[in-house]
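1. mind looking at a prediction? Sequence and model below.
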Amino acid sequence: MKKFLASILVMAMAATALTGCGGSEPAAESGDGYKVAYIARAQSDSFAAWLANEMIRAAGEYEDITLDVFDGQADDAKENAAIENAIANGYDAIIVQPNNGEAQRPYVEQVVAAGIVAITTNSRIAGIEGASSVDADPYVQAQVNAEKAIEQVPEGAKVVVLRGPSGNFHADERLKAWNEVFFAARPDVQIVGDDYANWNKDEAMTLMEDWTLAHGKIDAVISMNDNMAAGALEVVKDNPEFDDMLAYGVDGTAEACLLIQDGLMTSTCLQSAIDLADLNMATVHKLLTGEETQIDTDIDAVLINADNVAEYVEMYKANGQITE
Amino acid sequence: MKNGKTSQLMQKYSIFFVLLVMIIASTMMNPSFMSTRNMTNIAVQLAVATILAYGEMVLIVSGLLDLSAGAVLALAGVLSVSVYKSTGNMAMAFAVAIGVSVVFNMINALFVANFGLPAFIVTLATQMAARGLALLYTSGQNILQIGDYAFWGQGKIAGFLPVPVIFMIVATIIISYIMNQTRLGRSFYAIGGNEEAANASGINVIKSKYMAFLINGILVGIAGVLFMARVNAGLPNGAVGYEMEGLTAAIVGGTSFSGGIGTTSGTLIGSFIIGCLNNIMNLQGVDSYIQQVVKGIIIVGAVLYDVRFKNKKAPKVILKKKDEEEKKDDAPKAEAGA
């Protein structure tokens, strides 16, 4: 039995060495160029996975950059360990997508203290001296939707709010924007349902099924991301009573673009992984070459609605997420 | 004597009374609760979790466990969606989902039954591997535009009977038949109640464990198709923690974690207790944090009841003579045969 287990372990180690674990090995020591480590929040998060893929693509456009991606697995301890390993492995720059900004703060400070270029991204950890940041402002992402909603949502409307995970920076900031921009300006609007669907489509579906039964017609769905808005729309899509229901999200996912194109969803704000990745690589290159020493920058918050959705559907067709 | 019988009846049917009281209380709190539409909603919402719960029940009764169900469901589901998108053949999509799930469960069975590793560890490992494969295959992205595949999660037969509910009903009948009417079902109770005694009485323990994982594999594969069809997408990171929903339903429904005790009807009722509880709390607008606290209390209550009352009633015997064992072979089933 012990021999069998030992054989399995040896085979697993050999397989790991041969496959290189999808880029988790240190960069090839070619002698030239810069070794950059990207510590992703969680490869199981569809946006984080998209961003990681785009980071690899964007890095490929720089001949002097070699990028290795590590997975924080949505776990602070694992993400912190990955940062420590990257410091020990002598990377020239470390880009951190925090799982929980405050938990990663001391580790990013260690990166700076080691004289390594440090960037925090999606979302930034503010106030670390010597560290740069590249982000999409979650407040603005919700704000561009909320400003439109002030005019679009009918008088005395019944709305439901779908929240992201409690304590998540992006979820909290997006909700803050809706409260300050929309609900403060529209006291006539009645919130009939407000709950956490944790970014998940299936959880949003269950909530929406129960809310439509308890409250009948709902005039608008205010969701902190597109996945949950899509779940709510899945419940009512065949019910003519909800034909004029408004639905707002954030992320600008391929599914949201299709829903906007079909007239089911009202608007979303693009959090473009492509733009974030391009900006991250441009930033790290400037920092590594000494062109600049400190950069804090954001990508644009682009509102996607019926007027411009075709452009983004084409973008997703080009990257294969939409097939027809 | 009468008191004893009443007490026995209460023990046997207590889970039904709990659901009945919950339904009455929920109807009083919100008249919409008993509407046809809400009952349909609850049934559809519970279909996937209930099918998973049957798999967990079969395994727990056999002294096993599956922590990989949610991840295997996701892998089976995304592969099934992908096959459907490229072939348009739903039979092939079902076959792929069930096939993938069965393969993973056979791997679980191999390590648990043949190599004697704990099911907890083995299925935890396959959980990680299956989730990783699902994410690897899809590059972490949802598969969209799944077309008529969605019918299997959202469609209705004869205009009123949701397809997932039909699958749940059929699964209930088949699992109930296996557990109550077949030698295989009795062997699950026997090996879960006392594996050594079961072995001594001539039951092929290894084969029974393989069969328990096989049944679980088929159920998880079907659940994978229904889940992806319901959400109208292939979600590689979907169904996280669904094995816990299945386990919860089975335990609340009276399945004993120490093995050998558990019923299909109890699991169904357990699933509906959790589902009705979620539903009425959503209808009443109860904060989701409080919902989690309430669910936690209910699970602890169910396990406490199981440990304090049921186990006290049937103390475990480590070894028995073969003839005694044969006589007792059906006992756990009869005891749990509500």
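-> Nice, thanks for sending it over. Residues are numbered from 1 along each chain as shown, chains lettered A, B, ... in the order given.
2. name the residues of chain A found near chain B, please.
-> Applying C-beta under 8 Å from any C-beta of the partner chain, we find that chain A lies next to chain B at A:1, A:4, A:43-46, A:48-50, A:52-53, A:166, A:193, A:195-196, A:200-202, A:205-207, A:209-211, A:213-214, A:230-231, A:234, A:253-255, A:258, A:321-324. Bear in mind the C-beta positions are built from the backbone N, C-alpha and C, glycine included.
3. mind giving me the PyMOL select for the residues you listed, buried ones only?
-> In PyMOL, this line selects whichever of those come out buried by 16 or more other C-beta atoms under 10 Å in any protein chain shown:
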select buried, chain A and resi 43+44+45+46+48+49+50+52+53+193+195+196+200+201+202+205+206+207+209+210+211+213+214+230+231+234+253+254+255+258+321+322
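4. of the residues of chain A next to chain B, which belong to strands?
-> Within these, residues falling in strands by DSSP state E are A:Gly193, A:Asp195, A:Tyr196.
5. now render these as a markdown table, adding pLDDT.
-> Converted to a markdown table, these look like this (pLDDT from 0 to 100):
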| residue | pLDDT |
| --- | --- |
| A:Gly193 | 93 |
| A:Asp195 | 93 |
| A:Tyr196 | 92 |
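6. and of those residues, the nearest to A:Ile95?
-> Closest approach to A:Ile95 among those (C-beta to C-beta): A:Tyr196, at 29.2 Å.
7. what separation do you get for that closest one and B:Ala302?
-> Applying C-beta to C-beta, to the nearest Å, the value for A:Tyr196 to B:Ala302 is 25 Å.
8. same question for A:Trp199.
-> 30 Å.
9. quick one, which of the two is more surrounded?
-> Legend: neighbour count by other C-beta atoms under 10 Å in any protein chain shown for A:Trp199 and B:Ala302, higher for A:Trp199 (26 against 20).
10. spit out the contact partners of the more buried one.
-> Contacts were defined as C-beta atoms under 8 Å, 6 or more residues apart in numbering or on different chains; by that measure A:Trp199 touches A:Asp45, A:Gly164, A:Pro165, A:Ala171, A:Met224, A:Asn225, A:Asn227, A:Met228.
11. tell me the contacts of the first one?
-> Neighbouring residues of A:Asp45 by C-beta under 8 Å, 6+ apart: A:Ala74, A:Trp199, B:Gly140, B:Asn237.
12. farthest-separated two in these?
-> Taking C-beta to C-beta, the two most distant members of the contacts of A:Asp45 are A:Trp199 and B:Gly140; they sit 13.5 Å apart.
13. so B:Gln45 sits against B:Gly275, correct?
-> Yes: taking contacts as C-beta atoms under 8 Å, B:Gln45 lies within contact range of B:Gly275: 6.1 Å.
14. shaky segments in chain A?
-> A:1-32, A:324 (pLDDT under 70).
15. state which one residue of the stretch 201-338 of chain B is found closest to chain A.
-> As assessed by C-beta to the nearest C-beta, chain A sits closest to B:Asn282 within the stretch 201-338 of chain B, at 3.7 Å.
16. typo on my end, chain B
-> Residue of chain B nearest chain A, by C-beta to the nearest C-beta: B:Gly140 (2.3 Å).
17. can you get me a residue count around that residue?
-> For B:Gly140, the neighbour count with other C-beta under 10 Å is 23.
18. that one: what secondary structure?
-> Following DSSP: H, G, I helix; E, B strand; the rest coil, we place B:Gly140 in the coil state.
19. separation between the closest residue to it other than its chain neighbours and A:Asp75?
-> Excluding its sequence neighbours, the residue lying closest to B:Gly140 (C-beta to C-beta, 6 or more residues apart in numbering or on different chains) is A:Ala49, at 2.3 Å. According to C-beta to C-beta, A:Ala49 and A:Asp75 sit 16 Å apart.
20. quick check, central residue of the chain?
-> By default, I'm working from chain A. A:Phe47 (4.4 Å; C-alpha atoms, centre = their mean).
21. sorry, should have said chain B
-> Chain B has B:Ala53 as the residue nearest its centroid, 0.9 Å off, counting by C-alpha atoms, centre = their mean.
22. what's near enough to touch the residue of chain A found nearest chain B?
-> Nearest residue of chain A to chain B (C-beta to the nearest C-beta) works out as A:Ala49 at 2.3 Å. Counting by C-beta under 8 Å, 6+ apart, A:Ala49 makes contact with A:Ala40, A:Gln43, B:Leu135, B:Ser139, B:Gly140, B:Gln141.
23. which of those residues sits closest to B:Ala93?
-> Relative to B:Ala93, the closest of the contacts of A:Ala49 is B:Gln141; by C-beta to C-beta it sits at 19.1 Å.
24. got a list of what the closest residue to the closest one other than its chain neighbours touches?
-> Once flanking residues are discounted, B:Gln141 sits nearest to A:Ser46: 5.7 Å by C-beta to C-beta, 6+ apart. Residues near A:Ser46 by C-beta under 8 Å, 6+ apart: A:Asn227, A:Thr253, B:Gly140, B:Gln141, B:Asn142, B:Pro236, B:Asn237.
25. what residues are bridge-paired with the closest residue to A:Ala52 other than its chain neighbours?
-> Of all residues not flanking A:Ala52 in the chain, A:Ala40 sits nearest, at 4.6 Å (C-beta to C-beta, 6+ apart). Taking DSSP bridges, one obtains A:Asp71 as the residues bridged to A:Ala40.
26. pretty sure A:Ala40 is touching A:Trp50, no?
-> No: under the criterion of C-beta under 8 Å, A:Ala40 makes no contact with A:Trp50, lying 10.4 Å away.
27. residue 241 - how many residues pack around it?
-> Defaulting to chain A. Neighbours of A:Glu241 (other C-beta under 10 Å): 11.
28. the chain in question should be chain B.
-> The local packing of B:Gly241 (other C-beta under 10 Å) involves 10 other residues.
29. what of A:Arg105?
-> For A:Arg105, the count of nearby residues is 18 (other C-beta under 10 Å).
30. how about B:Phe160?
-> Neighbours of B:Phe160 (other C-beta under 10 Å): 8.
31. find the nearest non-adjacent residue to it, please.
-> B:Phe160 sits nearest to B:Thr40 (C-beta to C-beta, 6+ apart), 7.8 Å away.
32. report the buried residues of the strand or helix carrying that neighbour.
-> Assigned by DSSP states H and E, B:Thr40 belongs to helix B:36-61. Using 16+ other C-beta under 10 Å as the test for burial, helix B:36-61 gives B:38, B:40-61.
33. same check, this time on stretch B:273-290
-> Residues of stretch B:273-290 classed as buried under the neighbour-count rule (16+ other C-beta under 10 Å) are B:Ile273, B:Ile274, B:Gly275, B:Cys276, B:Leu277, B:Asn278, B:Asn279, B:Ile280, B:Met281, B:Asn282, B:Leu283, B:Ser288.
34. try stretch A:251-269
-> So for stretch A:251-269, counting by 16+ other C-beta under 10 Å, buried means A:251-261, A:264-269.
35. so how far does it reach from one end to the other?
-> This stretch, stretch A:251-269, spans 6 Å end to end (C-alpha to C-alpha, to the nearest Å).
36. give me the contact list for the helix or strand encompassing B:Leu247.
-> Per DSSP H and E, B:Leu247 falls inside helix B:242-252. With C-beta under 8 Å, 6+ apart as the test, helix B:242-252 has contacts from B:15, B:48-50, B:52-53, B:55-57, B:60, B:65-70, B:73, B:127, B:223, B:227, B:257, B:262, B:267, B:270-271, B:273-274, B:295, B:298-299, B:302-303, B:306.
37. among those residues, which ones are in helices?
-> Among the contacts of helix B:242-252, the residues falling in helices (DSSP state H) are B:15, B:48-50, B:52-53, B:55-57, B:60, B:69-70, B:73, B:127, B:223, B:227, B:267, B:270-271, B:273-274, B:295, B:298-299, B:302-303.
38. just the residues you listed that are near chain A?
-> B:Phe227.
39. using the record's domain definitions, break chain A down for me.
-> A:21-135+A:273-293, A:138-271+A:306-318 (automatic domain parsing).
40. which parts of chain A are helices?
-> Under DSSP H, chain A gives helices at A:2-19, A:46-59, A:76-88, A:101-113, A:138-152, A:169-177, A:201-215, A:226-236, A:254-261, A:273-288, A:309-318.
41. thank you kindly, that will do.
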